[in-house]
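Asker: build me a model from this:
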Amino acid sequence: MIEQITQTLRASFADADIQVQGEGGKFLLQVTDTGFDGLNAVKRQQKVYAGLGDLISSGAVHAVTIVAKTPAEVAAATGFNQV
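Answerer: Okay, here's the model as predicted:
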């Protein structure tokens, strides 16, 4: 299921760094994408939920925790600067 979620999100976030953890319908999704720039947390989560589409409506995924950040936010949080 992790690979299926990753592939499904990749269709909406082609250049994103996508990390998926979990099982049993409960997952942690970490998506880092430049497309989140200028969006608040709710709008970012809405974009990720929209990317999951059929997986949520089918019940295959029923609980998600979403961490959606821009590359600059990740770099600032980790202390690494992007090249």
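
Asker: show me where the chain dips below the pLDDT cut-off.
Answerer: 80-83 (pLDDT under 70).

Asker: how about the helices of it, start to end?
Answerer: Ranges of helices in the chain, per DSSP state H, are 2-12, 41-52, 54-57, 71-78.

Asker: for the shortest one, packing partners?
Answerer: This points to helix 54-57. helix 2-12 (3 or more C-beta pairs under 8 Å, 6 or more residues apart in numbering; DSSP states H and E). In this view, the C-beta of every residue, glycine as well, is placed from N, C-alpha and C.

Asker: give me the angle between the helix it packs on and helix 41-52.
Answerer: Orientation check (axes from the mean of the first three to the mean of the last three C-alpha atoms, to 10 degrees): helix 2-12 against helix 41-52 gives 110 degrees.

Asker: neighbouring contacts of helix 2-12?
Answerer: Helix 2-12 is contacted from outside by 16, 18, 20-23, 27, 29, 31, 47-48, 50-55, 60-61, using C-beta atoms under 8 Å, 6 or more residues apart in numbering.

Asker: find the centremost residue of the chain, please.
Answerer: For the chain, the residue nearest the mean C-alpha position is residue 31 (3.2 Å; C-alpha atoms, centre = their mean).

Asker: where's the nearest residue to residue 21 once chain neighbours are set aside relative to residue 37, distance?
Answerer: Of all residues not flanking residue 21 in the chain, residue 28 sits nearest, at 4.6 Å (C-beta to C-beta, 6 or more residues apart in numbering). Noted for residue 28: a distance of 22 Å to residue 37, by C-beta to C-beta, to the nearest Å.

Asker: same check, this time on residue 20
Answerer: For residue 20 relative to residue 37 (C-beta to C-beta), the value is 22 Å.

Asker: try residue 79
Answerer: Counting by C-beta to C-beta, the gap from residue 79 to residue 37 is 20 Å.
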